[in-house]
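Asks: fold the following.
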Amino acid sequence: MRVGVEVGGTFTDLVAIENGQVKIAKVPSVPSAPDEGALAALAAAKLQMDSVEDLVHGSTVAINAILERKGASVAFLVTKGFRDLLLLQRHNRRQIYDLFYGKPRPVVGRRDTFEIDERIGPDGTIISSLDPDRLTASLSSTLKAGEYEAVAICLLNGYANPVHERTVAAWVAENFPEISITCSCDVTREFREYERASTTTIAAYVQPVTSAYIARFAESLAETGFSGRFSIMQSNGGHLPAAAFSGNAISSLFSGPAAGVNGAIRQSTLAGYKDLITLDMGGTSTDVCVVTDGRADLSTETEVDGLPIRAPALDIVTVGAGGGSIIWIDDGGMLRIGPRSAGADPGPACYGRGGEEPTITDAHIVRGSIRSEAFLGGAMYIDDAAAHAALEPLAKRFGMSLEEFADSAIRVADANIVRAIQLVSTERGRDPRDYVLTPYGGAGPLHAVRVAEELGIGTVIVAPNAGVLSAFGLLAANFAQYDTLTRKVPVNADAPAIVRDVFDEMARNAEKAFVAFEIDASPRFAPTLEMRYVGQAFEIQVSLDPDNLEQLAEEELTSRFAEAHIQLFGFGGADFGPCEIVSFRLGALAPPSDLPALREEESLEHGPDTRVFDSGDWHDCSLNSRAGIRTLKSVTGLALVEDATSTAYIPRGWRATVDSHDNLIIQKEGVPHERG
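Replies: Okay, the predicted model is just below:
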């Protein structure tokens, strides 16, 4: 048996696969103790835990520690003269007209930042040696026993030569063995001092919290009889055994959103589509990502609470437009959605758990696009009256009926999602009309077709049990290990040989890591270069063919970079100017064993058709299951398609069919569609 457990902001989802059979569970999350929600999902699924060979877990523990500022107490060690590195940051302003603008607050304060007398040059040469006696004299009184839980070490140009960082780490380990140690050379071997320092301090900040959580959850799993392999999902779309996170917790920050993309790729590929825009709308937020030819875009830098993190992560844009997002009015009298959410506790007003603020889920209840008796397959009580009461004050303020206001709020949420998709498609040089939209999460299929219509997308694919697709994506994920190294190389006749040598060394290191993590599979490699024209300040990603590195030539490096530059910026070319390689990144990937498709295990019983408020009036709306659509061959809107974890809404002008893998294929009528 293989099990995936994904902890979201509102619900914790589980998918278990044994002998080709799929079992699902969905329970409320426990924000104060995420592992309790995960264990509750395991209990709800009634699994025989001693039969589980692999359990893959995704959680929000690391990112919540940053957002809530509940990480470890960290001492930050820097090169002499760089104590204010985290405070100076960059000169850009995110709100240029805000007179009271303040830079993002780092997780480590100035009083906890300490200087070390040493210096290494950008080429790795030692300019000023590290004196062990001075180190002892300066740090012995600084790292007082019990004052700090973690140490972050980020010395100038440590990416080029880590010898001094290793020396400092060894000294701390010997004198303060109880303190968690994080070196920048282990977290990100890249230049740009502020971004590297930010990443290192955040990694140190979340490491003790994440390690404690993993250890606690592993102990609880052992008590249930589980003795299989326990893995953790990463931001880069792959997972690794839990032991790999003893010094690399930062790679799990965005594990939930990354898992969902994997599940969407798996199901959509079965349907014959490889160019996707994924739309994950859960209870707290909406995440969107572009997938081209079956591969999601990978970003080298992300942000949390305004702080940069240099670690490979799927290029996902998040907006506060989840089912639990609060509907409110700003100071200018405009209707707004999120980013604040009702979460799991108390949740939307309709959950009947004490929530009183109106949410998108409440709006769907009011307009009829969510039927209270069918929510989670009828397994969860929904209070219709509470939903109406929550929306009523705002509806009166706008002089609208409850239904009109609910429909308006949903359309504002749709607009937020459209803008997020434009950020990852149009602004990345891609036309969304060339893609299909793949929604999931409990609320995604309710909004997807309207969003697709706004973007000119003609096909929407809704996987069966889309509400737990992220948990399924945990099982569909590769084992993955990523390594990045900054090394400036001008693109000339010597560059191809240097590229091969660097990637060969990185591949050997990755293979050693797989052996250390007891992953019994030979990895395939995904090499990528960070390149730019000489004189530019920032780089773009250029993917290489791993099977063609031996034949790599200077001309191919130049042309691949020129093509990528033109696609992103609209100008450039082979004759535009000399270019250079700045950094190397190598992904080592090992796919999981074959998985069955995620199917609809049972069809809900449906009564007579219902009514939905749409475009200013109430309309008759057909109720459907996938089995019913298969019998009818197709259905046209207005229609609702319900399963145990989500509801898909089909407006007028769209037709839905079901393929052999239980995927719901919704297409614009009268528009030709091609798979790809």
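
Asks: contacts, neighbours, all on C-alpha from now
Replies: Fine.

Asks: please identify which helix or strand holds P445.
Replies: Remark: P445 resides in helix 444-455, with elements defined by DSSP states H and E.

Asks: tell me the buried residues in that helix?
Replies: G444, P445, L446, H447, A448, V449, R450, V451, A452, E453, L455 (16 or more other C-alpha atoms under 10 Å).

Asks: any chance of those residues in CSV with distance to I382 as columns?
Replies: CSV is the format used below for the buried residues of helix 444-455 (distance: C-alpha to C-alpha, whole Å):
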residue, distance to I382
G444, 19
P445, 19
L446, 17
H447, 20
A448, 23
V449, 25
R450, 25
V451, 26
A452, 29
E453, 30
L455, 33
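
Asks: ok, so of these, who is nearest A169?
Replies: Of all the buried residues of helix 444-455, G444 has the smallest distance to A169: 46.2 Å, by C-alpha to C-alpha.

Asks: which stretches of the stretch 151-300 of the chain form helices?
Replies: Under the criterion DSSP state H, counting those that start in this stretch, helices of the stretch 151-300 of the chain are mapped to 163-175, 184-187, 193-223, 255-270.

Asks: for E6, find the nearest of those.
Replies: Nearest to E6, of all these, is helix 255-270, at 6.4 Å by C-alpha to C-alpha.

Asks: dump the C-alpha coordinates for that closest one into CSV.
Replies: The C-alpha trace of helix 255-270 is given here as CSV (Å, rounded to 0.1, in the frame of the first residue of the first chain):
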residue,chain,number,x,y,z
SER,A,255,5.0,21.1,-0.6
GLY,A,256,1.2,21.2,-0.8
PRO,A,257,0.9,23.3,-4.0
ALA,A,258,3.7,21.4,-5.7
ALA,A,259,2.0,18.0,-5.0
GLY,A,260,-1.2,19.2,-6.6
VAL,A,261,0.6,20.1,-9.9
ASN,A,262,2.0,16.6,-10.0
GLY,A,263,-1.5,15.1,-9.7
ALA,A,264,-2.9,17.4,-12.4
ILE,A,265,-0.1,16.4,-14.8
ARG,A,266,-0.7,12.8,-14.1
GLN,A,267,-4.5,12.9,-14.8
SER,A,268,-4.4,15.3,-17.7
THR,A,269,-1.7,13.3,-19.4
LEU,A,270,-3.9,10.3,-19.3
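
Asks: other SSEs contacting that helix?
Replies: Applying 3 or more C-alpha pairs under 8 Å, 6 or more residues apart in numbering; DSSP states H and E, we find helix 255-270 packed against strand 54-58, strand 229-233, strand 276-281, strand 286-292, strand 436-440, helix 469-476.

Asks: for the longest one, name the packing helices and strands.
Replies: Using 3+ C-alpha pairs under 8 Å, 6+ apart as the contact criterion, the elements in contact with helix 469-476 are strand 2-7, strand 11-18, strand 54-58, helix 255-270.

Asks: which residue, other than its chain neighbours, is closest to Y482?
Replies: Nearest residue to Y482, sequence neighbours excluded (C-alpha to C-alpha, 6 or more residues apart in numbering): G587, at 4.4 Å.

Asks: from the chain's centre, how far out does the strand or helix carrying that neighbour sit?
Replies: Using DSSP H and E, G587 falls within strand 579-590. Here strand 579-590 is found 21 Å from its chain centre; the criterion is C-alpha atoms, centre = their mean, to the nearest Å.

Asks: in its sheet, what does that strand sit against?
Replies: Using DSSP bridges, strand 579-590 pairs in its sheet with strand 478-490 (antiparallel), strand 524-533 (antiparallel).

Asks: who's in contact with the closest residue to I63 other than its chain neighbours?
Replies: What sits nearest to I63 in space, not counting adjacent residues and going by C-alpha to C-alpha, 6+ apart, is L253, at 5.1 Å. Shown in contact with L253 (C-alpha atoms under 8 Å, 6 or more residues apart in numbering): T60, V61, A62, I63, Q234, S235.

Asks: could you dump the residues you listed to a markdown table with pLDDT?
Replies: Compiled in a markdown table, these are given as follows (pLDDT from 0 to 100):
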| residue | pLDDT |
| --- | --- |
| T60 | 82 |
| V61 | 85 |
| A62 | 86 |
| I63 | 85 |
| Q234 | 93 |
| S235 | 92 |
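
Asks: redo those as JSON lines? Include neighbour count and distance to V27.
Replies: JSON lines is the format used below for the contacts of L253 (neighbours: other C-alpha atoms under 10 Å; distance: C-alpha to C-alpha, whole Å):
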{"residue": "T60", "neighbour count": "20", "distance to V27": "16"}
{"residue": "V61", "neighbour count": "25", "distance to V27": "18"}
{"residue": "A62", "neighbour count": "27", "distance to V27": "21"}
{"residue": "I63", "neighbour count": "21", "distance to V27": "21"}
{"residue": "Q234", "neighbour count": "33", "distance to V27": "23"}
{"residue": "S235", "neighbour count": "25", "distance to V27": "23"}
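
Asks: out of those, who's nearest A137?
Replies: A62 (34.0 Å).

Asks: pretty sure the closest one sits against S252.
Replies: Yes. Using C-alpha atoms under 8 Å, A62 is in contact with S252, at 6.9 Å.

Asks: before we move on, the earlier item: so which of the helices and strands packed on helix 255-270 gets nearest L485?
Replies: Nearest of the helices and strands packed on helix 255-270 to L485, taken as C-alpha to C-alpha: strand 229-233 at 22.8 Å.

Asks: mind listing what's buried along that closest one?
Replies: Of all the residues in strand 229-233, those buried under the rule 16+ other C-alpha under 10 Å are F230, S231, I232, M233.

Asks: outside of that strand, which residues touch it?
Replies: In this structure, residues lying in contact with strand 229-233 by C-alpha under 8 Å, 6+ apart are 53-58, 218, 239-242, 252, 255-256, 259, 474.

Asks: apply 6 Å and report the result again.
Replies: The contact list for strand 229-233, computed with C-alpha atoms under 6 Å, 6 or more residues apart in numbering, reads D54, L55, V56, H57, G58, H239, L240, P241, A242, S255.
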